[in-house]
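Q: no letters, just coordinates:
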C-alpha cells in the first residue's frame, strides 16, 4: 500500500523503516482477514452450488431464527442478574445498543440468505473439537505440516494486484515469487503424509507430490508465455501491459477488453490449459486424488482432527483464491474493467514520460482504485464459481488419467503455445520494420477486436439458442429419474 507508506512518512513524520513496517503489517492484516472471510463464506456458496446442481436441499437451517440478536439478548439479561460481576455488567452495557440492529440483521439474513451462518458454525465446531495427536506420529512434522500448507497459500497474496493502488508489494519478479511460494504446498502435504505414520496418508502425500510437480510444468510454460508477451515479471506490470496504454493513445485505441491476453490467439488456447493445471494444483475435483476418500479413507490428512484438520481445507480455498487471481492477472486483464472510455474517465493523469525519458504509468482518481478492486474481485470470484461448478459436475479422474492429461495433453499444448507466441513476436518485429509500429498496432487492435467480439457473439448465441428436441428428451428423462419438481 504505497499511499499509506507515503502518508506515514510525510504527515506523521515516521522513519522510512517504521512506515514501511506499519504499511506492510496493515496491508497484510486487511488482505489476509478479507481472504479468510471469503474462504469461510465460500464454503456456504459451494454448498449452495452443489445443492443447485444436484437438485437437493442446501444449507438452510442455520439462521432461520434469531441468532446475533438472541445472543446479545442473553448477554444483556445475564448482566441484570444479582450474581453478575463487574465484567458481566460491562458486557451487557456494551451489547445493549446493538441488540435491536442485530435482531433486524437476523431477520434480513433469514429471508435473503438462509443458512449463511453455517460457515461460522463450522468454525465454532472445529475450534471446540479436541486436537488429537496419535502416539506413533512424528510430532514436530505432524504439527508443522498444516501451517506450511496454509502459509504457502496465504504467501501468494503478497504480490497480487488487487487494484492499481491496492496491493501489498509489487516485486519486479512477482509472478516468479508466486510460482515459488505456492510450490511449498507439496512439501507440507508430503510432511503430513509421512509424519502420520499411516500407509493411506503416505499414499495420499505421494500422489500429491506426483500431481503437483507434474502440473507445475504447464503452469510454468503458461507463465513464461505471458511474460514473453508482457515483457515483465511484475504483476502490476502485466496488468498495465493489457491496458495497452502509451503516450498519445486515447480511449479509441487502449483500455478495451480485447487487449487482454486471453484474446491473443495462442493465449486463447493456453488460458484453459493453465486453468486446468491450476485446478490440479489446488487438489480440487476432478483432480483430488491425494484425498480420494473412496480409495484412501481421507488421504494425507487421515490422522488429523480439529483445527489442524480444518487448516488443510482453509488452505485449499485460499489456494483457489490465489490461483484464480493469478489467472485473472495473466489472462483477463487483472483489475482492468475492459471498457476504454471508463478507464480514461477515471484517469487523473494520463501516461507520459518522466525527466529521464522513461514512460510513466497513468494515475487514477480516488474512485478509480475502488472500481478496479470491484472488477478484480468479480472476475476472481467468477473463476472460483467455475471451480465449484466443475467439482460438482465431473467425477474424480483415475491416477493414470490425471497423469496422462498433464503429460500427453497440457504440456504439449502449453509448449506449442509458447513456441507460436515466440515465433509471432519475431514476425511482429519484422513487420514493424516494414509497415511501421503505429500501423501494425492499429491492425493488431482491430484484428483482436474482431476476434473478441466474434467469440462473445458465439457465446451469447450458444447459451441463448433453442434447445434441440433430443436435448429436451434427455432432460426430461433425467428429471423423471430425479423426482417431481425442484427440491425446496
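A: Thanks, I have it. It should be emphasised that the depicted structure is a prediction, and the values quoted were computed from it without experimental measurement.
Q: now do the residue nearest the centre of the chain against residue 35, distance only.
A: What sits nearest the mean C-alpha location of the chain, by C-alpha atoms, centre = their mean, is residue 321, with 2.0 Å. Computed with C-beta to C-beta, to the nearest Å, the distance linking residue 321 and residue 35 is 6 Å. C-beta coordinates here come from the backbone N, C-alpha and C atoms, glycine included.
Q: what about stretch 365-383, average pLDDT?
A: Stretch 365-383 carries an average pLDDT of 91.
Q: what is the neighbour count of the closest residue to residue 241 other than its chain neighbours?
A: Residue nearest to residue 241 in three dimensions, not counting chain neighbours: residue 230, with 4.1 Å by C-beta to C-beta, 6 or more residues apart in numbering. Applying other C-beta atoms under 10 Å, we find 18 residues neighbouring residue 230.
Q: residues in contact with residue 206?
A: Going by C-beta atoms under 8 Å, 6 or more residues apart in numbering, residue 206 touches 190, 193.
Q: in the helix or strand hosting it, what counts as buried?
A: Residue 206 belongs to helix 199-230 when assigned by DSSP states H and E. With burial defined by 16 or more other C-beta atoms under 10 Å, the residues of helix 199-230 counted as buried are 200-212, 214-227, 229-230.
Q: repeat for stretch 299-316
A: 299-304, 306, 308-316.
Q: do the same with stretch 39-57
A: Within stretch 39-57, the residues scored as buried using 16+ other C-beta under 10 Å are 39, 40, 42, 43, 44, 45, 46, 47, 48, 49, 50, 51.
Q: can you check which helix is longest in this protein?
A: In the chain, assigned by DSSP state H, the helix with the most residues is helix 16-54.
Q: next one: the residue nearest to residue 241 from residue 333, what distance?
A: Using C-beta to C-beta, one gets 12 Å for the distance from residue 230 to residue 333.
Q: now do the shared contacts for the two.
A: Counting by C-beta under 8 Å, 6+ apart, the common neighbours of residue 230 and residue 333 are 242, 261.
Q: re earlier: residues touching the residue nearest to the centre of the chain, list them.
A: By C-beta under 8 Å, 6+ apart, the neighbours of residue 321 are 35, 38, 39, 157, 380, 384.
Q: what's the farthest-apart pair in those?
A: 157 and 384 (14.6 Å; C-beta to C-beta).
Q: quick one, which of these two is more surrounded?
A: residue 157 (22 against 19).
Q: and stretch 76-90, how far out from the chain middle?
A: Centroid separation for stretch 76-90 versus its chain: 45 Å, with C-alpha atoms, centre = their mean, to the nearest Å.
Q: who's in contact with that stretch?
A: Contacts for stretch 76-90 (C-beta under 8 Å, 6+ apart): 91, 92, 93, 95, 96, 99.
Q: now it: buried residues?
A: 76, 79.
Q: now do that stretch: distance from first to last residue.
A: 9 Å (C-alpha to C-alpha, to the nearest Å).
Q: got it, and stretch 254-270?
A: Termini of stretch 254-270 sit 23 Å apart (C-alpha to C-alpha).
Q: got a pLDDT number for the closest residue to residue 239 other than its chain neighbours?
A: Closest residue in space to residue 239, ignoring its immediate chain neighbours: residue 334 at 3.2 Å, by C-beta to C-beta, 6+ apart. Note on residue 334: pLDDT of 89.
Q: so which strand or helix has residue 334?
A: Per DSSP H and E, there is no helix or strand for residue 334.
Q: what is the burial count for residue 233?
A: Residue 233 has 19 nearby residues by other C-beta under 10 Å.
Q: any idea of the pLDDT on residue 354?
A: Taking residue 354 on its own, its pLDDT is 69.
Q: cool, the one 3 residues further on as well?
A: Each residue has a pLDDT score; the one for residue 357 is 66.
Q: quick check: mean pLDDT of the helix or strand hosting residue 321?
A: Assigned by DSSP H and E, residue 321 falls within helix 306-331. Per-residue pLDDT over helix 306-331 has a mean of 90.
Q: quote the end-to-end distance of stretch 288-303.
A: OK, stretch 288-303 end separation, C-alpha to C-alpha: 18 Å.
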